[in-house]
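Q: the following block contains a protein sequence and its predicted model.
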Amino acid sequence: MSTKTQISLLFQPHGFREGFRADGRRVHEPRGIQCCVGGGRGEADGYAVFELGSTKAVAYVYGPMEARQRSATFHDRALLTCVLSTAALSGPARGFGRRGDRQSQERSMWMQQAFESAILLEQYPRSQIRLYVQILQAEGSSMAAAINAALWTEAADARDALLQCLLTVGRAVPCLLH
């Protein structure tokens, strides 16, 4: 191997070979997007599947509906509950954990905060909206796929549209934009 080849390999971003990413895309090529929106599935009031490249998320929304525990409701707005989990064999170990672990609880809280500011909870006093999102396949940008899947369920009125994307500049830590 010549010195010129060795030097050029040193300056290529991690995981990139010959200008392609590990998933076969070129360095500046975005992931493909697919979305399937349906009516309620079973008991769910809203349902959506969102694919971002090889990452796949499914979201179910139940409500607005009468709250199960009246003591846990608010008299002036709806109670929003968000649960984010990952299927056991969804992908690499760096993805989300299973339902109930610290990382999943933290990301569920991020998702809940994002949707509390977007959904018109004031229109549904003393009611409950439950949002469940599961990552079926995690190959990168899992949080973006999760929030976008939840966005497309359309079970409750929203004041603004939410859009989630992941941005990484250079070798910096990725940051979520919404």
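A: Happy to help now that I have it.

Q: excluding sequence neighbours, find me the nearest residue to L136.
A: Nearest residue to L136, sequence neighbours excluded (Cβ to Cβ, 6 or more residues apart in numbering): K56, at 4.5 Å. Bear in mind the C-beta positions are built from the backbone N, C-alpha and C, glycine included.

Q: then A78?
A: Y124 (3.8 Å).

Q: gap between the one you found and C82?
A: From Y124 across to C82, the span is 15 Å (Cβ to Cβ, to the nearest Å).

Q: higher neighbour count, these two?
A: The neighbour comparison of Y124 against C82 (other Cβ atoms under 10 Å) goes to C82, with 24 against 20.

Q: report the distance from whichever strand or helix holds the more buried one to the chain centre.
A: C82 belongs to strand 79-86 when elements are defined using DSSP states H and E. From the chain centre to the centre of strand 79-86 is a distance of 11 Å (Cα atoms, centre = their mean, to the nearest Å).

Q: what mean pLDDT does that strand get?
A: Mean per-residue pLDDT for strand 79-86: 92.

Q: what packs against that strand?
A: Taking 3 or more Cβ pairs under 8 Å, 6 or more residues apart in numbering; DSSP states H and E as contact, the helices and strands that strand 79-86 lies on are helix 102-118, strand 127-137, helix 142-151.
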